[in-house]
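*Asks:* model this:
(chains A, B, C and D)
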Number of protein chains: 4
Amino acid sequence: MADAKWLRSKKDDEQPAANNDHLVQSDDPNHPANLIPSLCAKFWTLGWVTGTGGGASIREDDLVYIAPSGVQKELMKPSDIYVLSLAAQAQSLDRRKRVYLRSPPNYKPSQCTPLFLAAFTKRRAGCCIHTHSHWAVLVTLILETQGLGKNREFRINNIEQIKGFGRGFKKSGNLGYHDTLVIPVIENTAHEEDLTEFLEEAMDSYPDTYAVLVRRHGVYVWGDNVHKAKTQCESLDYLFQLAVEMKQLNLPWITDIEPVVPRRS
Amino acid sequence: MADAKWLRSKKDDEQPAANNDHLVQSDDPNHPANLIPSLCAKFWTLGWVTGTGGGASIREDDLVYIAPSGVQKELMKPSDIYVLSLAAQAQSLDRRKRVYLRSPPNYKPSQCTPLFLAAFTKRRAGCCIHTHSHWAVLVTLILETQGLGKNREFRINNIEQIKGFGRGFKKSGNLGYHDTLVIPVIENTAHEEDLTEFLEEAMDSYPDTYAVLVRRHGVYVWGDNVHKAKTQCESLDYLFQLAVEMKQLNLPWITDIEPVVPRRS
Amino acid sequence: MADAKWLRSKKDDEQPAANNDHLVQSDDPNHPANLIPSLCAKFWTLGWVTGTGGGASIREDDLVYIAPSGVQKELMKPSDIYVLSLAAQAQSLDRRKRVYLRSPPNYKPSQCTPLFLAAFTKRRAGCCIHTHSHWAVLVTLILETQGLGKNREFRINNIEQIKGFGRGFKKSGNLGYHDTLVIPVIENTAHEEDLTEFLEEAMDSYPDTYAVLVRRHGVYVWGDNVHKAKTQCESLDYLFQLAVEMKQLNLPWITDIEPVVPRRS
Amino acid sequence: MADAKWLRSKKDDEQPAANNDHLVQSDDPNHPANLIPSLCAKFWTLGWVTGTGGGASIREDDLVYIAPSGVQKELMKPSDIYVLSLAAQAQSLDRRKRVYLRSPPNYKPSQCTPLFLAAFTKRRAGCCIHTHSHWAVLVTLILETQGLGKNREFRINNIEQIKGFGRGFKKSGNLGYHDTLVIPVIENTAHEEDLTEFLEEAMDSYPDTYAVLVRRHGVYVWGDNVHKAKTQCESLDYLFQLAVEMKQLNLPWITDIEPVVPRRS
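*Replies:* Residues are numbered from 1 along each chain as shown, chains lettered A, B, ... in the order given. As a prediction, the model looks like this:
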């Protein structure tokens, strides 16, 4: 880490230069500090990050870029972004203390930070998105009424959009049309940071999932890179919306369909 | 007030210069006269200010900026904005007469004006937003059928987005996940100005609320500044939409949920 | 009409110059030939003119500007606009034949033309909008099931947005909160032009209406000028949407509410 | 084909120049390589191509332009487009092997390709659009519950928007208001390419249809040109949405309505 390229002014103590603003300054629209604001503006129009809720984070190698707490997501600027180092974080003695390489002047760190870090460290994700989408919340509310114990799951099968998800961590390829997509649901906690242990437990119990629903709160979705996290998040929101609409029409989420056999194959 | 900086041409009588156009001319996109049009254009896309309904007002120190009546909200210009002085207004003998520092040539003052002023004078709000959102109206219609007397309330708890609201007037911090958000509902009056006394009563009865629903009409939402008023208004609209969708799915707005205890805390 | 300013090249016969392109060329964004495309693009995002359905027309004095048939409404250009003269039209012996001052090269005239003309001639409207909005169609379908005879009406009262409508033809002021908004519904015909006589009948029977619903088809809305037609159309669509949502929640469109008496008045 | 103008560098073998990038480079916004990205960006806002689902293809004479697989549809660029030759394709011995004139460097061909080709070869379509629209999927789910056998149809009549469809292949004119629009539904297959034979069967069985629904998947819509494919796709999505809303309100899709006879005709 001593040679890390982001460290312009080497310091004697563990804490790096107070203000590494160059970490969030780039002309490249695909630089994480530019991409997070443009993604969040798009997510705002989708109703995913209403009223400063939700957020997004991108990891590039050792560096993690995070939207701050309490910002209007459609108005975010690159200069609002926090940056931290996974390696520095791993060396920190206090798991709950974050070591930021770069902090914006007028914001507080996002309470989602340890949850994003879980996706980066436990799954080597390149991007993690957190939405408060109505559809995600409604799905958890519908499941809640079905009295199946606390450790619940959202399950849906035989919908083409399921193909939008990878088959699992370190597995190649995507789910198939007839596969059942399973998303674990964890209960919400009073403080968002306290969700971390439950999110990590769900990751352990569902090693192939790319998302965890949080009851009465929203969803965390990740992927190997921005493209995969974003398209998996879109596909999941599509499926949540469809599931709510299916519920309104009394259509079941799980069906037993005999596969169609192509005659020429 | 004699030294007020907005007063370019001092006059002998109480009425200030007829046309203080400089009050609405600025290159700063965050100047209230620029911000109100850009906010209202955004609100139009959200369905909050359809067909000239609804409105918004910003207070900076003594000056209050108000969108005019009957304007297409997505087409508003800075030159359409009214400006008045709270101090001058307080000195007016006739409570119903408004003393405008600056008036646009082709519009009438908004009937919402005394309601905005209530938020500014009784709560020291920095911004007040009035929407005709479908979700707000539907929530008041659903409540109406529940026969709980006229002095009704919208109540919801155990939804993460509730954290989007401040704990109350002069109180620091925000509501928690398990707190119940309570928004008073007042009955609509034939003339919007006549709502003022009922809005003020609701403010007195609910000293910590940042919003008042108006039956079959919409909602007034305010905050210490534009950021807080806008994000609270978004969060509230999110909750109203969720509440209507929950009603369609027969899900209760108030639940008794045992808090999750984090194991590591 | 001999001195009409739009007539650049005087001709001997009744038919004016074949191609008065100057009638649709202007730098003024509020010129009807510019305004119709920008309005229609906006209407497309609202779902009012999906798939080339619907349309809009503006009248300025004697001249009527009309969107053509079969155009993608969000892509329309000023050069696509038809122009005709009300005076020339009135002199035409064949009521069904239209005398266009200016025709675009690649389109056919809109079948809505005689319906727009009805609003212009019978009501002196300055603008008429025709939408295929889902909400309008659903309202007519809901009414259809109520078996009240063919000559049906949409009625709603005690909703603030009702104030968005003028009190009636040649009457000043707008409807009040407690007034009942009444919109006549006519049955659809196989050919859109054949609606004209029924639309005109509805105008005669409901002299104060600014809109006529067409069963299983959409709505025609007009106003004294573009501003009024557009905001009345928005307000009506808002009310149609609300009415459908109220129906889904079993809430009645008409209620008997005792007016609130302001104490200070 | 030897003289085909797209062939800049003639080669000895059947395979044309590896990288005919000029085929997707044009300043004309209506060039297929520019039009597909702009259309897909629009479709993304409509929810038709969420999470890389869906797609679009345009044919000009012998050349077919196709969006690649797995691309974020609102971010697509002209350089992402595949181009193939129908004539070259027809000469290919292996029906499943595609001969691309131009391939983007970083993508895989769309699995929709043979389905698009079916529309181009069997119907001489100029454009084919594939959406994953919720409304299309919900319509197929609603039909599924009605137990009418596998060879199902979506049928709706007496809605004005039905006029948005051509009367049929090689027939002039559009459907009328009282005509019944019939869209065949085929069952989904595990692999999208395997849909081809069933799509072609549906085309044979419904020679006049411009669309085929795919159960639990979406819809394929085509037209003689981009304008017709796009407006027919919009009209169909409108009707699917209306049909779902009608179902929620217990309104039938097919009704027996006596035509209104115009008195003056």
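
*Asks:* okay, CA-based contacts and neighbour counts for the rest of this
*Replies:* Noted.

*Asks:* so where do the strands sit in chain A?
*Replies:* Using DSSP state E, the strands of chain A run over A:55-60, A:63-66, A:82-85, A:100-102, A:127-131, A:153-157, A:180-186, A:211-214, A:218-223.

*Asks:* got the domain boundaries for chain A?
*Replies:* Residue ranges for each domain of chain A read A:16-110, A:134-251, as given by automatic domain parsing.

*Asks:* in the stretch 101-250 of chain A, what residue comes closest to chain C?
*Replies:* The minimum distance from the stretch 101-250 of chain A to chain C, using Cα to the nearest Cα, falls at A:Gln248 (11.2 Å).

*Asks:* and that residue, what does it touch?
*Replies:* Shown in contact with A:Gln248 (Cα atoms under 8 Å, 6 or more residues apart in numbering or on different chains): B:248-249, D:248.

*Asks:* quick one, which of the strands of chain A gets closest to chain D.
*Replies:* strand A:153-157 (9.7 Å).

*Asks:* rewinding a little: in helices only, show me the contacts of A:Gln248.
*Replies:* B:248, D:248 (DSSP state H).

*Asks:* so where is the stretch 1-150 of chain A shaky, pLDDT-wise?
*Replies:* Across the stretch 1-150 of chain A, the ranges flagged by pLDDT under 70 are A:1-18, A:147-150.

*Asks:* all helices for it, in order.
*Replies:* A:32-45, A:86-91, A:113-123, A:134-144 (DSSP state H, counting those that start in this stretch).

*Asks:* how about the contacts of A:Gln248 in CSV, adding pLDDT?
*Replies:* Output for the contacts of A:Gln248, formatted as CSV (pLDDT from 0 to 100):
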residue, pLDDT
B:Gln248, 96
B:Leu249, 96
D:Gln248, 96
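
*Asks:* between the contacts of A:Gln248, which is closest to D:Asp224?
*Replies:* D:Asp224 lies nearest to D:Gln248 out of the contacts of A:Gln248, by Cα to Cα, at 34.3 Å.

*Asks:* any idea how far D:Leu143 is from the closest one?
*Replies:* 14 Å (Cα to Cα, to the nearest Å).

*Asks:* kindly report the same for A:Lys73.
*Replies:* 40 Å.

*Asks:* looking at the two, which one has more neighbours?
*Replies:* Set A:Lys73 next to D:Leu143 and count neighbours by other Cα atoms under 10 Å in any protein chain shown: A:Lys73 wins out with 29 against 16.

*Asks:* look up the closest residue to the more buried one, ignoring the ones flanking it.
*Replies:* A:Cys40 (5.5 Å; Cα to Cα, 6 or more residues apart in numbering or on different chains).

*Asks:* that neighbour touches A:Ala56, doesn't it?
*Replies:* Yes. If you go by Cα atoms under 8 Å, A:Cys40 and A:Ala56 touch, sitting 7.2 Å apart.

*Asks:* circling back to that earlier point, any idea how many residues pack against the residue nearest to A:Lys73?
*Replies:* A:Cys40: 23 neighbours (other Cα under 10 Å).

*Asks:* so what's it up against?
*Replies:* So A:Cys40 contacts A:49, A:55-56, A:73-74, A:76 (Cα under 8 Å, 6+ apart).

*Asks:* nearest to A:Asp179, of those?
*Replies:* A:Ala56 (28.2 Å).

*Asks:* partners of that closest one in the sheet?
*Replies:* A:Ile129 (DSSP bridges).

*Asks:* that one and A:Ala119 touch, don't they?
*Replies:* No. Using Cα under 8 Å as the test, A:Ala56 is too far from A:Ala119 to be in contact (11.7 Å).

*Asks:* of the two, who's got more company?
*Replies:* Between A:Ala56 and A:Ala119, counted using other Cα under 10 Å, A:Ala56 has the larger neighbour count: 31 against 26.

*Asks:* what's the end-to-end length of stretch A:67-82?
*Replies:* 6 Å.

*Asks:* so what touches it?
*Replies:* In contact with stretch A:67-82 (Cα under 8 Å, 6+ apart) are residues A:21, A:24-25, A:33-34, A:36-38, A:40-44, A:49-53, A:55-57, A:65-66, A:100-105, A:107-111, B:227, B:231.

*Asks:* let's go with 7 Å and repeat that
*Replies:* A:24, A:33-34, A:37, A:40-41, A:44, A:49, A:51-52, A:55-57, A:65-66, A:100, A:102-104, A:107-111 (Cα atoms under 7 Å, 6 or more residues apart in numbering or on different chains).

*Asks:* any chance of a PyMOL selection covering the buried ones in these?
*Replies:* In PyMOL, this line selects whichever of these come out buried by 16 or more other Cα atoms under 10 Å in any protein chain shown:
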select buried, chain A and resi 24+33+34+37+40+41+44+49+51+52+55+56+57+65+66+100+102+103+104+109+110+111
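
*Asks:* ok, A:Gln72 - how many residues close by?
*Replies:* Neighbours of A:Gln72 (other Cα under 10 Å): 20.

*Asks:* residues in contact with the closest residue to chain D within chain A?
*Replies:* Proximity of chain A to chain D (Cα to the nearest Cα) peaks at A:Thr231, 4.2 Å away. Contacts for A:Thr231 (Cα under 7 Å, 6+ apart) come out as D:51-52.

*Asks:* and the residue of chain A closest to chain B?
*Replies:* A:Gly51 (4.2 Å).

*Asks:* I'd say that residue and B:Leu236 touch.
*Replies:* No. Using Cα atoms under 7 Å, A:Gly51 is not in contact with B:Leu236; the gap is 8.6 Å.

*Asks:* ok now stretch A:134-152, how far from the chain's centre?
*Replies:* Relative to its chain's centre, stretch A:134-152 lies at 19 Å (Cα atoms, centre = their mean, to the nearest Å).

*Asks:* anything in that stretch near chain D?
*Replies:* No. For stretch A:134-152, no contact with chain D is found by Cα under 7 Å from any Cα of the partner chain; the gap never falls below 13.3 Å.

*Asks:* run through who's touching that stretch.
*Replies:* A:184-186, A:215-219, A:237, A:240-241, A:244, B:242.

*Asks:* let's see it at 6 Å
*Replies:* A:185, A:215-218, A:240-241 (Cα atoms under 6 Å, 6 or more residues apart in numbering or on different chains).

*Asks:* so which of the residues you listed are also by chain C?
*Replies:* Residues of those in contact with chain C (Cα under 6 Å from any Cα of the partner chain): none.

*Asks:* which one (most neighbours) among the residues you listed?
*Replies:* That'd be A:His217 among these, by other Cα under 10 Å, with 29 neighbours.

*Asks:* re the thing from before, output the domains of chain A as a markdown table; include the columns distance to B:Gln161.
*Replies:* Below are these laid out as a markdown table (distance: least, Cα to Cα, whole Å):
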| stretch | distance to B:Gln161 |
| --- | --- |
| domain A:16-110 | 7 |
| domain A:134-251 | 7 |
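
*Asks:* now do the contacts for A:Ile156.
*Replies:* Here A:Ile156 is in contact with A:180-181, A:253-254 (Cα under 6 Å, 6+ apart).

*Asks:* distance-wise, check the nearest residue to A:Cys128 once chain neighbours are set aside relative to D:Pro37.
*Replies:* In space, and not counting its chain neighbours, A:Cys128 is closest to A:Trp222: 4.1 Å by Cα to Cα, 6+ apart. A:Trp222 sits at a distance of 26 Å from D:Pro37 (criterion: Cα to Cα).

*Asks:* over to A:Tyr82?
*Replies:* Taking Cα to Cα, one finds A:Tyr82 at 33 Å from D:Pro37.

*Asks:* just A:Gln248 next, same as before
*Replies:* Applying Cα to Cα to A:Gln248 and D:Pro37 gives a distance of 35 Å.

*Asks:* what does A:Ser205 give?
*Replies:* Distance of A:Ser205 to D:Pro37, given as Cα to Cα: 41 Å.

*Asks:* repeat for A:Tyr210
*Replies:* Relative to D:Pro37, A:Tyr210 is positioned 29 Å away (Cα to Cα).

*Asks:* still on that earlier bit, now, which of the contacts of A:Gln248 sits nearest C:Pro262?
*Replies:* B:Gln248 (34.7 Å).
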